[in-house]
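Chemist: need coordinates for the following:
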Amino acid sequence: MKITAIVSDYDGTLCPTDSITGSKGKIPEDLETVLWSISRMIPVCILSSKDHTFLEGKTGFSSIVTCINGAEYFVYHQRPDKQVNKSKNMVDSLKLKKIMGPDGIFYVGSMPYHDLEQKSLVLENISEMILQNFQDVVIEEKRRFTDKLLVGITIDYRHLKKWDQYKTNIEPYLIKLIRSVIEEQSNHSSSYFYIQQYLDHPFVDVYTFKADKGSGLKMIKKLLKLGSKDRLLYLGDSESDNPAFVVSDMSVGIRSDHRLNVKLESDYVLEFNELRPFLKKLQEHDFVFSKMENNIL
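Modeler: Coordinates of the predicted model:
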């Protein structure tokens, strides 16, 4: 199998998640160097639950950055030391908005969602209620770049020393509060919210739409114009990556936090410190995975 494109999750896959989330969550320099090198040979893309504000400046090697699990996607025309050829017909057909960014020209598109403004207000109220009742958590907002509307939040408590006990004893009450606010403040037409719970991870995600990385990966395939003979490799670390593992041609799960025992539906699993040598070896074999399949590292 010859890999023609690589798509990766960000948080937990390209950088460890054993510390609290924030703007400092950057890819280790040695791994980033390999990603830049690969990106000059085949497309490297990001599919993340993070928003554009978080990812901006951290993913310069990417041809496409898909934010908030597919709610918004950025197709880059030019980046430093790299040219990404775009089909004008493809750009026009998808009606992407052309914007001059700090790294060059990119095209941005957003998935349409009904009643988004009303849902955004409900999500704001959910955040406020959680902070009032659960002082130990941190809330990460996920806002669309195009209109700054709040479309998702992560309620994060990984910084707690005994977060496993918090998950067992407190998280159920947190979920109950979220559902009660949604029921009280949402009208019938905007009542759908997607709550992403995890068996092991010490956080909860709430979205104003169905957040599915499988759909996000399909959009990336469309944007890359991959043919029937092209093969896409997907990298991820959590349960939310399983839908993307399923629709990829080959998948590798990454374990970056040994406190977690996540069930990953990937073809292979690597420790985080094995990712850089794996990608480097894949590049050295001209991205033909069959040459290294019996010895993945």
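
Chemist: who touches stretch 127-147?
Modeler: 20-21, 49-54, 67-68, 71-72, 74, 97, 108, 110, 149-157, 159-160, 166, 170, 174, 177-178, 181, 207 (Cβ atoms under 8 Å, 6 or more residues apart in numbering). Any C-beta I mention is one placed from the backbone N, CA and C, and that applies to glycine too.

Chemist: which parts of it are buried?
Modeler: Ser127, Ile130, Phe134, Val137, Val138, Ile139, Glu140, Lys142, Arg143, Arg144, Phe145 (16 or more other Cβ atoms under 10 Å).

Chemist: ok, Ser127 to Phe203 distance?
Modeler: Going from Ser127 to Phe203 by Cβ to Cβ, to the nearest Å gives 14 Å.

Chemist: and if you look at Asp11?
Modeler: Here Asp11 is placed at a distance of 10 Å from Phe203 (Cβ to Cβ).

Chemist: quick one, which of the two is more surrounded?
Modeler: The neighbour comparison of Asp11 against Phe203 (other Cβ atoms under 10 Å) goes to Phe203, with 23 against 20.

Chemist: may I have the phi/psi pair for the more buried one?
Modeler: Main-chain torsions, Phe203, degrees, to the nearest 10: phi -160, psi 170.

Chemist: okay but it is in contact with His159, surely?
Modeler: No. The criterion here is Cβ atoms under 8 Å, and Phe203 misses it with His159 at 10.4 Å.

Chemist: correct me, but Ile126 touches Ile153?
Modeler: Yes. Using Cβ under 8 Å, Ile126 is in contact with Ile153, at 7.0 Å.

Chemist: ok, the buried residues of stretch 127-147 vs Glu29, which is closest?
Modeler: Proximity of the buried residues of stretch 127-147 to Glu29 (Cβ to Cβ) peaks at Glu140, which lies at 24.2 Å.

Chemist: doesn't that closest one lie inside a strand?
Modeler: Yes. The assignment for Glu140 is a strand, going by DSSP: H, G, I helix; E, B strand; the rest coil.

Chemist: what's the closest non-adjacent residue to it?
Modeler: What sits nearest to Glu140 in space, not counting adjacent residues and going by Cβ to Cβ, 6 or more residues apart in numbering, is Thr154, at 4.2 Å.

Chemist: tell me how far the one you found lies from Val288.
Modeler: Computed as Cβ to Cβ, the Thr154 to Val288 distance reads 38 Å.

Chemist: ok, Leu160 next?
Modeler: 45 Å.

Chemist: which of these two has more neighbours?
Modeler: Ranked by neighbour count (other Cβ under 10 Å), Leu160 and Val288 place Leu160 first, with 17 against 13.

Chemist: check which helix or strand covers that one.
Modeler: Using DSSP states H and E, Leu160 sits within no helix or strand.

Chemist: neighbours of the nearest residue to it once chain neighbours are set aside, how many?
Modeler: Leaving aside its sequence neighbours, Leu160 sits nearest to Tyr166 (Cβ to Cβ, 6+ apart; 5.5 Å). By the criterion of other Cβ under 10 Å, Tyr166 has 18 neighbours.

Chemist: ok, now Phe209?
Modeler: Burial of Phe209, expressed as a neighbour count using other Cβ under 10 Å, amounts to 20.

Chemist: same deal with the one 10 residues further on?
Modeler: Using other Cβ under 10 Å as the criterion, Met219 is surrounded by 17 other residues.

Chemist: three-state assignment of it?
Modeler: Classification of Met219 by three-state DSSP places it in helix.

Chemist: got it, and Ser127?
Modeler: Per three-state DSSP, the secondary structure class of Ser127 is helix.

Chemist: Tyr194 versus Glu184, what's the distance?
Modeler: Distance from Glu184 to Tyr194, counting by Cβ to Cβ: 18 Å.
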